[in-house]
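Undergrad: next input, structure requested:
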Amino acid sequence: MTANAQEQRRFVELFGHVPWFATLPEQARVLLAAGCDWRRVAGGEALFFEGEASDAVYLLVNGSLAAFQNDGHGGSQLVGHIMAGESVGELGVLISRPRSATVRALRDSELVRLPATHLDVLAETFPQALLGLARLALRRHGELQAHGAAPRTLALLPQSAGVDIDLFADRLAEDLSRFGSVRTLRVSDAGQAAGQYHAIEAASKFVLYVADGNDDAWRQQCRRQADALLFIVRASDVPSSSAAWPDAVDEAVPRRQYLIVQHLSKPRFGAGRRWHTLCPRASIHHVRDARDNARVARLIGGQSLALVLSGGGARGFAHIGVVKALREADLEIDSVGGTSIGAIIGAGVAAEWSIEEMTERFRHAFYDTNPLSDYTLPLVSIVSGRKVSRLLRETYGERDIEDLPLPFFCVSANLTRGDAYVHRDGTLWQALRASIAIPGLLPPVFRGGQVLVDGGVVNNLPVDLMRASTVAK
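TA: Take a look at the predicted model:
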């Protein structure tokens, strides 16, 4: 159904504020508007599916979309975000190919639909216009293959009784304000029309929707409007149930999730794993002081500094010098990942050990004591690996990855599936043991029916994995 005269005027006005569309002559925008119509998509619903015919280009007016591609294992992976003012679907229309990704609404969204047939009419009348569209399509394709944009609307969801959600919201707003304007909405702002929320979001870089534990309707409104969910708990509190939170798992579209564990006194080991079982898709962030609050804001706002360390055997101890140089330059490391020896050093960084402590611990574990001296009958490996396991256990203790002060992951190679195994939870020393299990030298590690060896076999410098787990500037 084509637009009426009033809608056409609004379409022309919208086109004037969007890349490519704004470069078109007035007559071309009027011609395009004549064939457009509105499309409204509820949060969680699909705009189109991967493999479908490319029959239209869409301009997102309000809301937020995400693009997903088949991961080859029966699931899907997030490949990018589409924010208000951006278009999607150009490439498939230009080259007459099926949709390369499934696009879903992260929240209630309003779009303008431009049929492919009408773009053909535009091409006949203004052939030069397609060059700009082609450039836009290629740029968008590159962005989708990169990493997601920083979330702009955040739902702050208190999950334990001890949380002062208003205080946390105020501190987060203050830290995020370094990167742009922030608007905080509370239960007193409930009941507004959808257009009013869209206007607030359009006028602000970040919008914080602060849920109230006593108002379920407002809490659900916060979830619907959010690009990302922040679950806030007190480390000293005890979960009221062992069942996963519906807010964390009952999602048609996976959004970024952050588990904020507040420590009001000495950090409590074990709190990270205890709470993480209730929201397994969330990244964990321990907040002890103002420095940690600022780190959370950088991670959410796409301004964080991530450190990724590669494998390389004994040469990997040079990583300690890199860490020392970064610290001397007052560069805050916000998250850490690594493979093999890079995982060993990275775990020390994530534990916030000093340079002196790292040097002393690693000298004892890997130099003063030869960890590869327990030779065995080489049916599987040259050494038994028991000495390596003992030294790792002595060095890192029984700490879980979820309890490290900084977000951390390490990589091993999954021989069962032929791909990378990313360790983001579980006992730290066991994950490190898998990441350094050099085939033929050390025995493999078995976890969940998977056979794991040194991560350098598949991904010696996992920058791509770190990029996928963080947001863009």
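Undergrad: what's the host helix or strand of residue 337 in contact with?
TA: Here residue 337 is covered by strand 335-339, with elements defined by DSSP states H and E. Residues outside strand 335-339 that contact it (Cβ atoms under 8 Å, 6 or more residues apart in numbering) are 299, 304, 306-311, 344-347, 349-350, 406-411, 435, 454-456, 459-462, 465-466, 469-470. Backbone N, C-alpha and C define where each C-beta goes, glycine included.
Undergrad: does residue 344 touch residue 316 like I think?
TA: Yes - applying Cβ atoms under 8 Å, one finds residue 344 in contact with residue 316, separated by 7.3 Å.
Undergrad: and those two? Which one has more around it.
TA: residue 344 (27 against 23; other Cβ atoms under 10 Å).
Undergrad: now the more buried one: closest residue in space that isn't a chain neighbour?
TA: In space, and not counting its chain neighbours, residue 344 is closest to residue 432: 5.9 Å by Cβ to Cβ, 6 or more residues apart in numbering.
Undergrad: check the gap between residue 422 and residue 469 for me.
TA: Distance, residue 422 to residue 469, using Cβ to Cβ, to the nearest Å: 9 Å.
Undergrad: whoops, residue 176 was the one
TA: 20 Å.
Undergrad: if you count surrounding residues, which of these two has more?
TA: Neighbours per residue (other Cβ under 10 Å) separate residue 176 from residue 469, with residue 176 holding more: 24 against 20.
Undergrad: I'd say the more buried one and residue 299 touch.
TA: No - counting by Cβ under 8 Å, residue 176 stays clear of residue 299, with 10.9 Å between them.
Undergrad: ignoring the adjacent residues along the chain, who's closest to residue 364?
TA: residue 395 (7.9 Å).
Undergrad: show me what whatever helix or strand the one you found lives in is packed against.
TA: Residue 395 is located in helix 386-396, with elements delineated by DSSP H and E. Counting contacts by 3 or more Cβ pairs under 8 Å, 6 or more residues apart in numbering; DSSP states H and E, helix 386-396 packs against helix 428-435.
Undergrad: pairing partners for the very next helix or strand once past the helix it packs on, with directions?
TA: Per DSSP H and E, the first helix or strand lying C-terminal to helix 428-435 is strand 445-447. Here strand 445-447 is paired, per DSSP bridges, with strand 450-454 (antiparallel).
Undergrad: may I have the partner strand as CSV, with CA atoms only?
TA: C-alpha atoms of strand 450-454 as CSV (Å, rounded to 0.1, in the frame of the first residue of the first chain):
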residue,chain,number,x,y,z
GLN,A,450,35.3,-32.6,24.5
VAL,A,451,39.0,-33.3,24.0
LEU,A,452,40.9,-30.0,24.5
VAL,A,453,44.5,-29.2,23.6
ASP,A,454,46.7,-26.0,23.2
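Undergrad: could you point out which element follows that strand?
TA: Next element after strand 450-454 (DSSP H and E): helix 463-469.
Undergrad: low pLDDT regions in this structure?
TA: Residue ranges of the chain with pLDDT under 70: 1-3, 19, 72-75, 128-130, 132, 136-149, 250-252, 267, 370-381, 471-473.
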